[in-house]
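Peer 1: Need a 3D model of the sequence below.
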Amino acid sequence: MESPDTGKFGGLVLLVDDEPDNLDAFELSLGDHVPLAVADSGEKALEMCRRLSPSVLVVDQRMPGMTGLQFLAQAKTLLPDAVTVLLTAYRDVEIVLEALNSGLVYRYVQKPWNRDEMKVLLRQCQDVYQLREENRQLVSRLRDMNRYLEEKLDWHFRHGEIVGSSAAFQRVLETVRQVAPAGSSVLITGESGTGKELVARAIHKLSPRRDKPFVSVNLAALSAGLIESELFGHERGAFTGATAPRSGRFELANGGTLFLDEIGDLPPELQVKLLRVLQQQEFERVGSSKSIRVDVRIVAATHRNLVDEIAAGRFREDLFYRINVFPLALPPLRDRKEDLPELAGHFVDRFAERVGRRLRGITSEAVMRLMEYHWPGNIRELENVIERAMIVARGEWVDAVDLGLPVVTGRAQGARALSVDPGPDQASKGLPQLLVELERGQLNAALERNGGSVSRTAREVGMNRTTLIYKLKKHGLVS
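Peer 2: Sure thing, here's the model as predicted:
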């Protein structure tokens, strides 16, 4: 039986005793004060443990077939956090002391027990269980966070810093600086490979939530059956294979930022649940009815046109308005080709350890070939091209032939801006090196004209202050 007075106790108490009179006495004395279930044998009690998951086990030691301690030894494998009380006769004390020392028994009570003392003891047991449960959830959350962080440890190696000085990309960075301090939801759109997660991380790092977690999940990489568990977590036994409770990405991101990549791929049935979470800031784990409240900023991204998806009935209009508070469109690489030399040089430096060799840079012909190409895969494709070129390059420089890109008839318009007429003593240098030296000289002269003031220098050369500081450090002009 279970008592209606469940508010005083957080979970079910299971009494195991082979004598009906003892079961009746316990129910009459305490049934109105605790949620209670009873079993007259260890075998029946084990089945009830599997089905009911009681938090407190009160067991008589002397029972035929299976003693109380034998039952507890098996029950604790099913319910490791359950708090155990053993009912004993005076002559069982030596056995019970050994069980206490081993941790199998939390408390023992000699028969006959006192009703008021038993009520106090059961309340203490429930408090202990609650502490164990909270500790287990904390450990689980930390374990999940550690696993998530381990997955992201190589993020900087894979993505590096934001690189680009083109006007198109500087407009993006200025928008990032504007929206980051707010708590509004942001929807980042752009073709695949344009750096949407990189921008999402920049928004987080510039926000008041910077010291809290940044958690990302690629919805397109998960099956429909796994998305709900990944987002909201699950309890043990919620589905086949759920052998332990697990925190979802919303829990892991509490207080910080959750990046929902490729949100346009979210199945319609889960769009409803996500909308509810965004509106109410609470959810339930899969297999649980307990609501969990969170404080999470949402940054979403997609390469799809969500307006078209709404018209086709594949995306909810109300969810779109919820995530599209602040839209941010990223330009494709073909619209910011003036960033190609800087990006390519950045990747040459970054991939040196991975490919096992450090090259001096890329030749002018290689730069021209990069400028001619259309880059349908954007920055992600450029990364792959540079890494492969570094592996096959035979000299100290990445040359055009190493890139493996198609030859385009005529030069791209953007390439003409890179033309530099080297002097006789510079003829052997590659174009990237010449550009670096030219840029360093110009910035050094501007810095001297402005008395070392970075702000005035930035205004003179037409750069934002952050980009100028990056370039001055790169050239060794400031520490």
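Peer 1: and the residue nearest to residue 403 when sequence neighbours are not counted, how far is that from residue 352?
Peer 2: Nearest non-adjacent residue to residue 403, counting by CB to CB, 6 or more residues apart in numbering: residue 389, 5.0 Å away. All C-beta spots, glycine's among them, are computed from the backbone N, C-alpha and C. Residue 389 sits 13 Å away from residue 352, going by CB to CB, to the nearest Å.
Peer 1: Just want to know which of those two has more residues nearby.
Peer 2: The residue with more neighbours, out of residue 389 and residue 352, is residue 389; 25 against 13, by other CB atoms under 10 Å.
Peer 1: Just say helix, strand or coil for that one.
Peer 2: Following DSSP: H, G, I helix; E, B strand; the rest coil, residue 389 is assigned to helix.
Peer 1: wait, doesn't it sit right on residue 401?
Peer 2: No. Residue 389 lies out of contact with residue 401 (CB atoms under 8 Å); the separation is 9.0 Å.
Peer 1: for this protein, where's the lowest mean pLDDT among helices and strands?
Peer 2: When each helix and strand of the chain is scored by mean pLDDT, DSSP states H and E, helix 413-416 comes last, with a mean of 34.
Peer 1: The strand or helix carrying residue 121: which residues count as buried?
Peer 2: Per DSSP states H and E, residue 121 falls inside helix 115-152. For helix 115-152, a neighbour-count test (16 or more other CB atoms under 10 Å) marks 118-119, 121-123, 125-126, 128-130, 140-141, 144-145, 148 as buried.
Peer 1: Among these, which pair sits farthest apart?
Peer 2: Using CB to CB, the buried residues of helix 115-152 span at most 44.4 Å, a distance reached by 118 and 148.
Peer 1: rewinding a little: which strands and helices lie in contact with the helix holding residue 121?
Peer 2: Helices and strands in packing contact with helix 115-152 are listed as helix 20-30, strand 56-60, strand 83-88, strand 107-110, helix 249-252; criterion 3 or more CB pairs under 8 Å, 6 or more residues apart in numbering; DSSP states H and E.
Peer 1: Deepest in the core, which of the ones you listed is it.
Peer 2: Ranked by mean neighbour count, the helices and strands packed on helix 115-152 are led by strand 56-60 with a mean of 26 (mean count of other CB atoms under 10 Å).
Peer 1: any idea of the mean pLDDT in that strand?
Peer 2: The average of the pLDDT scores along strand 56-60 is 93.
Peer 1: Make 20 the first number, not 1, from now on.
Peer 2: With the count now opening at 20, the last piece we talked about shows up as strand 75-79.
Peer 1: what's it in contact with?
Peer 2: 30-38, 41, 45, 61, 64, 68, 87, 90-91, 94, 98, 101-106, 141, 144-145, 148 (CB atoms under 8 Å, 6 or more residues apart in numbering).
Peer 1: So residue 359: helix, strand or coil?
Peer 2: Judged by three-state DSSP, the three-state class of residue 359 is helix.
Peer 1: List the contacts of the most centrally placed residue in the chain.
Peer 2: Centroid-nearest residue in the chain, with CA atoms, centre = their mean: residue 234, separated by 2.8 Å. By CB under 8 Å, 6+ apart, residue 234 lies in contact with 167, 268, 271-272, 275-278.
Peer 1: Dump these into a markdown table; add distance to residue 262 and pLDDT as well.
Peer 2: Formatted as a markdown table, those follow (distance: CB to CB, whole Å; pLDDT from 0 to 100):
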| residue | distance to residue 262 | pLDDT |
| --- | --- | --- |
| 167 | 19 | 54 |
| 268 | 20 | 93 |
| 271 | 20 | 93 |
| 272 | 24 | 94 |
| 275 | 28 | 95 |
| 276 | 30 | 96 |
| 277 | 26 | 96 |
| 278 | 28 | 97 |
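Peer 1: pLDDT of whichever helix or strand residue 460 is part of, averaged?
Peer 2: Element membership for residue 460, per DSSP H and E: helix 450-468. On average, the pLDDT along helix 450-468 is 71.
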